[in-house]
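Student: sequence-free structure coming up:
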C-alpha cells in the first residue's frame, strides 16, 4: 500500500478530492490543505471574475474615469462642461 505523501511515514487512508494527494490523518490533511485550499479559492475567484462581463458603455465610463484620475488637469475642463458626474 502506498504511503502518505505528506509525512511519508504511514500508509495512506484518504485522498484529497481536489488534487488527489494521499494522506494518512487530519494533521497531514491540514498540512497539505493550505496550499490546495488556497489554489482552490483562487481558481473560484478567477472563474467568477471571468463570468462577470461589463457592457461597452460601462467599460468606456470606467476607462474615462481612470484616464481622468491619471490626468487631473484635463478633468477640470470636463467638470465645467458638466460631462463628468
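Tutor: Yep, it's here. Nothing here was measured: the structure is a model prediction, and the numbers come from that model.

Student: gap between the two ends of stretch 48-56?
Tutor: 19 Å (Cα to Cα, to the nearest Å).

Student: make that stretch 9-24, sorry
Tutor: 9 Å.

Student: can you tell me which residues contact residue 1?
Tutor: Residue 1 is in contact with 11, 12, counting by Cβ atoms under 8 Å, 6 or more residues apart in numbering. Just so you know, the C-beta spots here come from the backbone N, C-alpha and C atoms, and that holds for glycine as well.

Student: mind redoing it with 10 Å?
Tutor: Shown in contact with residue 1 (Cβ atoms under 10 Å, 6 or more residues apart in numbering): 10, 11, 12, 13, 22.

Student: got these as TSV, with secondary structure, neighbour count and distance to residue 50 columns?
Tutor: Converted to TSV, those look like this (DSSP: H, G, I helix; E, B strand; the rest coil; neighbours: other Cβ atoms under 10 Å; distance: Cβ to Cβ, whole Å):
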residue	secondary structure	neighbour count	distance to residue 50
10	coil	14	40
11	strand	10	41
12	coil	18	35
13	coil	12	37
22	strand	18	32
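
Student: For residue 60, pull up the helix or strand it's in.
Tutor: Assigned by DSSP states H and E, residue 60 belongs to helix 56-70.

Student: from the chain's centre, how far out does that helix sit?
Tutor: Relative to its chain's centre, helix 56-70 lies at 23 Å (Cα atoms, centre = their mean, to the nearest Å).

Student: I'd like the average pLDDT over that helix.
Tutor: When pLDDT is averaged over helix 56-70, the result is 90.

Student: can you start the count at 658 instead of 1 from here on
Tutor: New numbering, starting at 658: the last item is helix 713-727.

Student: and it, which residues are buried?
Tutor: Neighbour-count burial for helix 713-727, counted by 16 or more other Cβ atoms under 10 Å, picks out residue 725.

Student: what packs against that helix?
Tutor: helix 729-738 (3 or more Cβ pairs under 10 Å, 6 or more residues apart in numbering; DSSP states H and E).

Student: That'll do, ta.
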